[in-house]
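Colleague: Need coordinates for the following:
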Amino acid sequence: MGRAFEFRKGRKMKRWSAMAKAFTRIGKDIVMAVKEGGPNPEANSRLRAVMQNAKAANMPKENVERAIKKATDKDTANYKEQLFEGYAPHGIALLIETATDNNNRTVANIRSYFNKCNGTLGTQGSVEFMFDHTCNFRIPNNNIDIEEMELEFIDFGAEEIFADEDGILIYAPFGSFGAIQKELESRGIEILSSGFERIPQITKKLTEAEMADVEKLIEKIEEDDDVMNVYHTMEE
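Modeller: So this is what the prediction gives:
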């Protein structure tokens, strides 16, 4: 198994935050998708993907419809995606994805978390190169021959395909998202969920005490409403 499999296993062992936080993130994704491509999921592939994720997270249908309606209101502010980079204690690189309607607030908050937890907020490009930006799709495992699928989907950018208890996962570089989404849909294969992740190229092993220092900072950052995802180079 490759790095995507190990990364997914490690993430699975950690919590995907509270359900309310997941709904907040999906709500922001809906606003950004509608502002970019309109409220019709059939004509907006990004919105289609977010709605599949909402279903996978058991987000009530009325919440999704309300978020789409809200996003079409011209008075609803769009969110700007911003990437923050830095170091936690013990040389652990952190990459933080945010979506904000107030960049000054977000910058001030993120800086304060690093300062309070003995971390260092870095400059643009300081740690991003340490992570591979990937896309992923989850589909049902309907007795699919994974080896055969891997061979067929290499042409669309797929690098790793594996099964877990929730279905089959396809991993590919970030830029292959559209091609794989289109091919899965053209074959009538149901997409349960999809998304993007940043997988560390190298991880660092820490003692339990050192891990606690890093986790203290990560938890503080994750609690911020503007934060969508936090990635790190600490070995899980």
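Colleague: What strand or helix carries Phe84?
Modeller: Element membership for Phe84 (DSSP states H and E) is strand 80-88.
Colleague: Paired strands for that strand, with orientation please.
Modeller: strand 92-100 (antiparallel), strand 120-121 (antiparallel) (DSSP bridges).
Colleague: So what's the residue count around the residue lying closest to Leu95 once chain neighbours are set aside?
Modeller: Distances taken as Cβ to Cβ, 6 or more residues apart in numbering place Tyr231 nearest to Leu95, at 4.4 Å, with adjacent residues excluded. Heads up, the C-betas are built off the backbone N, CA and C, glycines and all. Counted by other Cβ atoms under 10 Å, the residues lying close to Tyr231 total 21.
Colleague: Please identify which helix or strand holds Tyr231.
Modeller: strand 227-232.
Colleague: ok, then the element right after the lowest-mean-pLDDT helix or strand in the chain?
Modeller: Within the chain, no helix or strand scores below helix 3-13, which has a mean of 65 by mean pLDDT, DSSP states H and E. Next along the chain after helix 3-13, taking DSSP H and E as the criterion, comes helix 19-37.
Colleague: Please export the C-alpha coordinates of that following helix as PDB.
Modeller: In PDB, the C-alpha atoms belonging to helix 19-37 read as follows (Å, rounded to 0.1, in the frame of the first residue of the first chain):
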ATOM      1  CA  MET A  19     -20.500  17.000  13.400                       C
ATOM      2  CA  ALA A  20     -21.500  20.700  13.700                       C
ATOM      3  CA  LYS A  21     -18.000  21.600  12.600                       C
ATOM      4  CA  ALA A  22     -18.300  19.300   9.600                       C
ATOM      5  CA  PHE A  23     -21.600  21.000   8.600                       C
ATOM      6  CA  THR A  24     -20.000  24.400   8.900                       C
ATOM      7  CA  ARG A  25     -17.300  23.400   6.600                       C
ATOM      8  CA  ILE A  26     -19.700  21.900   4.000                       C
ATOM      9  CA  GLY A  27     -21.900  25.100   4.300                       C
ATOM     10  CA  LYS A  28     -18.900  27.200   3.300                       C
ATOM     11  CA  ASP A  29     -18.000  24.800   0.500                       C
ATOM     12  CA  ILE A  30     -21.600  25.200  -0.800                       C
ATOM     13  CA  VAL A  31     -21.400  29.000  -0.800                       C
ATOM     14  CA  MET A  32     -18.000  29.000  -2.600                       C
ATOM     15  CA  ALA A  33     -19.300  26.500  -5.200                       C
ATOM     16  CA  VAL A  34     -22.500  28.400  -5.900                       C
ATOM     17  CA  LYS A  35     -20.700  31.800  -6.100                       C
ATOM     18  CA  GLU A  36     -18.300  30.200  -8.600                       C
ATOM     19  CA  GLY A  37     -20.600  28.200 -10.800                       C
END
